[in-house]
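Novice: What would the 3D arrangement of this be:
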Amino acid sequence: MADHEPAADPGGHPTVSSDDEALILVDEHDQEIGYLSKGQCHAADGILHRAFSVFLFDARGRLLIQKRGRDKRLWPLYWSNSCCSHPRRGESMTIATGRRLREELGMTAALEFLYKFTYQASFGDAGAEHELCWVYIGLANTPVRANNTEIEDWRFVSPEELDRLMNRQAQLFTPWFKLEWAQLRSEFQDRIDHLVTAGQRLTG
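Specialist: Presented below is the predicted three-dimensional model:
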């Protein structure tokens, strides 16, 4: 992944997530069934909980991707989508996604919901993700100010380049990112194109 942009604002940021925060447990129909700490949700094979993934595109159609922080419990230093996290107990998705965009990227964005899906992926003995994940797209129309306790690096990449990288170096990317990107490319390209066109009008 050469020729990338360095993470912004290297002066340091406070930690904004903890294994003690309470996440929302759900059943396969996305109905809330309880709450559990993030640490417990990610232990062993994982316990199904609600999550979200955000894909931010610029007016050139490039996707903002990030390399996860080196201190992450799961998939540290892997490249992933623009932002992903969990709503906490009592949080709506609107509140949670807005909070996390500010905490990780120092950004605000209007988001469009696309779909939700369930997946499970293990990361050796460190634990696993088992999530019912809501997937969103939005415009990256404010500067990136990456939180370097969460993000090691970031860059904008064209869809074609990302396709090539995932085909040649799939091991560099998080499992949920690969699943989501494949579905975005196969089922939602028209929604992405519409979003990018709107961004071009705004910047033109």
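
Novice: buried ones in the longest helix along the chain?
Specialist: Criterion DSSP state H: the longest helix present in the chain is helix 189-203. By neighbour count on 16 or more other Cβ atoms under 10 Å, the buried set for helix 189-203 is Ile192, Leu195, Val196, Gly199. For every residue, glycine as well, the C-beta is placed using N, CA and C.

Novice: now, which of those residues sits nearest Met107?
Specialist: Gly199 (13.9 Å; Cβ to Cβ).

Novice: Identify the residue spatially nearest to the closest one, adjacent ones excluded.
Specialist: Spatially, and ignoring its direct neighbours in sequence, Gly199 is nearest to Ala59 (4.0 Å; Cβ to Cβ, 6 or more residues apart in numbering).

Novice: neighbouring contacts of stretch 172-184?
Specialist: Applying Cβ atoms under 8 Å, 6 or more residues apart in numbering, the contact partners of stretch 172-184 are 1, 53, 55, 65, 68, 75, 78-81, 84, 114-115, 117, 119, 121, 129, 131, 133, 135, 137, 162, 165-166, 170, 192.

Novice: how far out from the middle of the chain is the longest helix of the chain?
Specialist: Centre-to-centre, helix 189-203 and its host chain are 20 Å apart (Cα atoms, centre = their mean, to the nearest Å).

Novice: which helices and strands sit right next to that helix?
Specialist: strand 49-57, strand 111-122, strand 128-139 (3 or more Cβ pairs under 8 Å, 6 or more residues apart in numbering; DSSP states H and E).

Novice: what angle separates the last one from strand 49-57?
Specialist: Right, strand 128-139. Here the directions of strand 128-139 and strand 49-57 differ by 30 degrees (axes from the mean of the first three to the mean of the last three Cα atoms, to 10 degrees).

Novice: Beyond strand 128-139, next helix or strand please.
Specialist: strand 151-157 (DSSP states H and E).
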